[in-house]
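Chemist: No sequence on hand, only this structure:
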């Protein structure tokens, strides 16, 4: 996980800065660095918990895709404090996809929700899974701060790139609709597979 490596690199740099500031007799400056270090460590912990949950759910053959999404969203809401409304219409229950497809869809959801937790300043989010003869749609939306998709920050760019790569790996299309002050909506469309 490149994002995890970046955060751990940041944590290491901050720890070194604290050590140097204390050696120079600058405890107030060290205190500021410690605060930033504490926040970064909290982010790493949340990311690792979310990744572990995703891995556990991927390995559960007893759950269909809707069940995996339900479990993931429930745990995410408890850990993050962000309320996520889950919309799983009847036609999505007992829906089974190839294991590789389910894993990639779960990873896209995981990345989207992690971005909401880290960057969106959202009060709530929603996740909807739809299925028909034409294919499958997965939509993740939030009421947060939004961003300009044409000028994402480095963090946004990495997350969006990762989600696009995962969608492409299973033949899906990923669209991002966002703007400053109007939240973000990510839609993944997976066309029906021909037999």
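Modeler: Structure received. Since this is a predicted model, take the numbers as computed values, not measurements. Numbers count the residues shown, from 1 in each chain.

Chemist: Now do the same for residue 165: helix, strand or coil?
Modeler: Judged by DSSP: H, G, I helix; E, B strand; the rest coil, the three-state class of residue 165 is helix.

Chemist: From residue 136, how far off is it?
Modeler: 18 Å (CB to CB, to the nearest Å). Every C-beta, even on glycine, is put in place using the N, C-alpha and C of the backbone.

Chemist: out of these two, which sits in the busier spot?
Modeler: Between residue 165 and residue 136, counted using other CB atoms under 10 Å, the more crowded position is residue 136 (21 against 13).

Chemist: Which residue, neighbours along the chain excluded, lies closest to that one?
Modeler: residue 190 (4.4 Å; CB to CB, 6 or more residues apart in numbering).

Chemist: and stretch 32-43, average pLDDT?
Modeler: Here stretch 32-43 scores 83 as its mean pLDDT.

Chemist: Buried residues in it, which are they?
Modeler: Residues of stretch 32-43 classed as buried under the neighbour-count rule (16 or more other CB atoms under 10 Å) are 33-34, 37, 40-41, 43.

Chemist: Show me the strands in this structure, by range?
Modeler: 83-87, 124-132, 135-142, 172-178, 184-191 (DSSP state E).

Chemist: Could you save the ones you listed as JSON lines and add columns showing mean pLDDT and distance to residue 13?
Modeler: Output for the strands of the chain, formatted as JSON lines (pLDDT from 0 to 100; distance: least, CB to CB, whole Å):
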{"stretch": "strand 83-87", "mean pLDDT": "95", "distance to residue 13": "33"}
{"stretch": "strand 124-132", "mean pLDDT": "94", "distance to residue 13": "31"}
{"stretch": "strand 135-142", "mean pLDDT": "95", "distance to residue 13": "30"}
{"stretch": "strand 172-178", "mean pLDDT": "95", "distance to residue 13": "30"}
{"stretch": "strand 184-191", "mean pLDDT": "95", "distance to residue 13": "29"}
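
Chemist: Quick check: the nearest residue to residue 27 once chain neighbours are set aside vs residue 32, distance?
Modeler: Counting by CB to CB, 6+ apart, residue 27 lies nearest to residue 21, which is 7.5 Å off, once chain neighbours are set aside. Residue 21 sits 9 Å away from residue 32, going by CB to CB.

Chemist: got the contact list for the residue nearest the centre of the chain?
Modeler: Nearest residue to the geometric centre of the chain (CA atoms, centre = their mean): residue 111, 2.3 Å. Each residue near residue 111 by CB atoms under 8 Å, 6 or more residues apart in numbering is listed here: 159, 162-163, 166.

Chemist: Which parts of this protein are helices?
Modeler: Secondary structure of the chain (DSSP state H): helices at 2-23, 27-58, 65-80, 99-115, 154-169.

Chemist: Flag the helix or strand of this structure with the lowest per-element mean pLDDT.
Modeler: For the chain, the helix or strand with the lowest mean confidence is helix 27-58, at a mean of 76 (criterion: mean pLDDT, DSSP states H and E).
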